[in-house]
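**Student:** Give me a 3D structure for the following:
(chains A, B, C and D)
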2 protein chains.
Amino acid sequence: MNTQTFRNWQRVQEEVLRRIHAREWLPGDLIPNEADLAIEFGCARSTVNRALRSLADSGLLDRRRKAGTRVAAEPVAKATLNIAVIRHEIEEHGARYGYMLIARSLVAPPLHISGAMQTQPMQEMLHVRALHLADETPYAFEERWVNPSVVPDALSEGFEKLSANEWLLKHAPYTHGDIAFSSVQAEPEVAEILDVPPHSALFAIDRLTWDNQASVTKVCLLFAPGYKLRTQI
Amino acid sequence: MNTQTFRNWQRVQEEVLRRIHAREWLPGDLIPNEADLAIEFGCARSTVNRALRSLADSGLLDRRRKAGTRVAAEPVAKATLNIAVIRHEIEEHGARYGYMLIARSLVAPPLHISGAMQTQPMQEMLHVRALHLADETPYAFEERWVNPSVVPDALSEGFEKLSANEWLLKHAPYTHGDIAFSSVQAEPEVAEILDVPPHSALFAIDRLTWDNQASVTKVCLLFAPGYKLRTQI
DNA sequence: AAGTGGTCTAGACCACGCG
DNA sequence: GCGTGGTCTAGACCACTTA
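**Tutor:** Predicted structure coming up:
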């Protein structure tokens, strides 16, 4: 029944992709329903369903009950970024990872931090500043706020050898988070830490994670010039 | 059989998520196999399979035949970015979209372009430079190379009113692409176009798309300071 | 060798949302 | 109303990988 011995739904998917790409089915076109395609491909409807659902997830198809399945008029490219631990990212490039703690304190945060994290303005938070290095060269500066009422164990962790970046991933589960990528000019202090000229263009990743309704941690990572975040679409 | 009338697999998924999050199942732990979970949840194995497969896709579970399913020791956060047409991005923010063509020519590209696009060095390519505006303010500078042997129709398109960004999405299908995000200093010429101080930190998106083995287009988008690319994890 | 997840099937019921 | 996709089931076979 299969022309290959396995992954029949991928065969279906590839054939559908081929038809879209060969412009047999044009953007906006209604394609045959699942039952008809199942007959055509000689497989069960659920196999067709899996193939089409997967393509709809990637944005190439628009599916609506009763209205049927259409080729997306303007496919939205979806790029999936893997946000790994910085140590792994560096080691994957074949470089030697280094870590330096710059500061660690328990203080009341600035208002824009307590505001974003929705904590009481006077509540003390754990503040950690650290540097990640690749082959002894500054790679990324990390500035982080940790909510101690959600992660009390963090108070007894010095972050001297193990980065907060890595410690939190193992000890502080989160349910969801917001992430933003941007470009910023290096302030003099950060420029010195990263050993780059003042006002260099740095790649910034801002991340705020939540454990249900409570904020876990807010981090800003500033990457030295030359950093690129890559992926495929 | 369902406690809600629909989406039973999501109930299973949420219960598994709850157990991971409540640390009933710790990172690295082996969880019960599909058949046992199906009995426990009173549903078919394929329902459990869908729930667990979906969690494995998001990086929270590691699944291997015979070895079973484990809670990921270090969940890799996967951020999905929707790379939309710039016009839509601006209009979604409630701003008025504007477009200005700066230059359009057919020339032999620099070597690093023909190299990346794997075209013959002397082969002429369509070169387009344009500006996207939000509420009359420069938003992003677009510099693009289009492979005319893959998209011949582009030669008869002036890109005076409709941006290449938008035109290509409708007229030039692609099978895959590479994308990179980085931070760059504005060169004087670009700074003037974007109306920002020289050496401003710009957010850059580099994209190279392919139609099977042939490169379709290579584009560099430079966003004015303040731009942020946001998503959820 | 044996247990696990990956896939497929044939059939079923139903939520949704066009018309 | 009714066609469509969304989901679920019970069962089956098999690829993979570890023990």
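**Student:** all strands of chain A, in order?
**Tutor:** Counting by DSSP state E, chain A has strands at residues A:30-31, A:61-64, A:68-71, A:77-83, A:97-107, A:125-134, A:137-146, A:176-185, A:201-211, A:214-223, A:228-232.
**Student:** Which strands or helices does the fifth one pack on?
**Tutor:** Identification of packing neighbours for strand A:97-107 by 3 or more Cβ pairs under 8 Å, 6 or more residues apart in numbering or on different chains; DSSP states H and E yields helix A:86-92, strand A:125-134. Yep, even glycine has a C-beta here, placed from its N, CA and C like the rest.
**Student:** Any idea how far the shortest one is from the middle of the chain?
**Tutor:** On the basis of Cα atoms, centre = their mean, to the nearest Å, helix A:86-92 is displaced by 15 Å from the centre of the chain it belongs to.
**Student:** can you check stretch A:47-54 too?
**Tutor:** Between the centre of stretch A:47-54 and the centre of its chain there are 26 Å (Cα atoms, centre = their mean).
**Student:** now do stretch A:108-126
**Tutor:** The chain centroid and the centroid of stretch A:108-126 are separated by 25 Å, computed with Cα atoms, centre = their mean.
**Student:** For it, measure first residue to last.
**Tutor:** 9 Å (Cα to Cα, to the nearest Å).
**Student:** got it, and stretch A:189-207?
**Tutor:** Stretch A:189-207 has an end-to-end distance of 21 Å (Cα to Cα).
**Student:** what does stretch A:56-65 give?
**Tutor:** Stretch A:56-65 end-to-end distance (Cα to Cα) = 13 Å.
**Student:** and of the strands of chain A, who's closest to DNA strand C?
**Tutor:** Taking Cβ to the nearest atom of the strand, strand A:61-64 is the member of the strands of chain A nearest to DNA strand C, at 4.8 Å.
**Student:** could I get the closest one in PDB with only the CA atoms?
**Tutor:** Taking Å, rounded to 0.1, in the frame of the first residue of the first chain, the C-alpha atoms of strand A:61-64 are listed here in PDB:
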ATOM      1  CA  LEU A  61      -2.500  26.100   4.100                       C
ATOM      2  CA  ASP A  62      -5.600  27.700   5.500                       C
ATOM      3  CA  ARG A  63      -8.100  25.200   6.800                       C
ATOM      4  CA  ARG A  64     -11.600  26.000   8.000                       C
END
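**Student:** returning to what we had before: export the strands of chain A as a markdown table, with columns for distance to B:Val48, mean neighbour count and mean pLDDT.
**Tutor:** Listed next are the strands of chain A as a markdown table, based on distance: least, Cβ to Cβ, whole Å; neighbours: other Cβ atoms under 10 Å in any protein chain shown; pLDDT from 0 to 100:
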| stretch | distance to B:Val48 | mean neighbour count | mean pLDDT |
| --- | --- | --- | --- |
| strand A:30-31 | 31 | 16 | 96 |
| strand A:61-64 | 24 | 16 | 96 |
| strand A:68-71 | 27 | 18 | 96 |
| strand A:77-83 | 25 | 17 | 89 |
| strand A:97-107 | 38 | 14 | 96 |
| strand A:125-134 | 39 | 21 | 97 |
| strand A:137-146 | 36 | 21 | 97 |
| strand A:176-185 | 23 | 19 | 96 |
| strand A:201-211 | 26 | 21 | 96 |
| strand A:214-223 | 29 | 22 | 97 |
| strand A:228-232 | 31 | 14 | 94 |
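**Student:** okay, those strands in CSV with distance to DNA strand C next?
**Tutor:** Converted to CSV, the strands of chain A look like this (distance: least, Cβ to the nearest atom of the strand, whole Å):
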stretch, distance to DNA strand C
strand A:30-31, 10
strand A:61-64, 5
strand A:68-71, 9
strand A:77-83, 18
strand A:97-107, 31
strand A:125-134, 33
strand A:137-146, 34
strand A:176-185, 23
strand A:201-211, 27
strand A:214-223, 29
strand A:228-232, 20
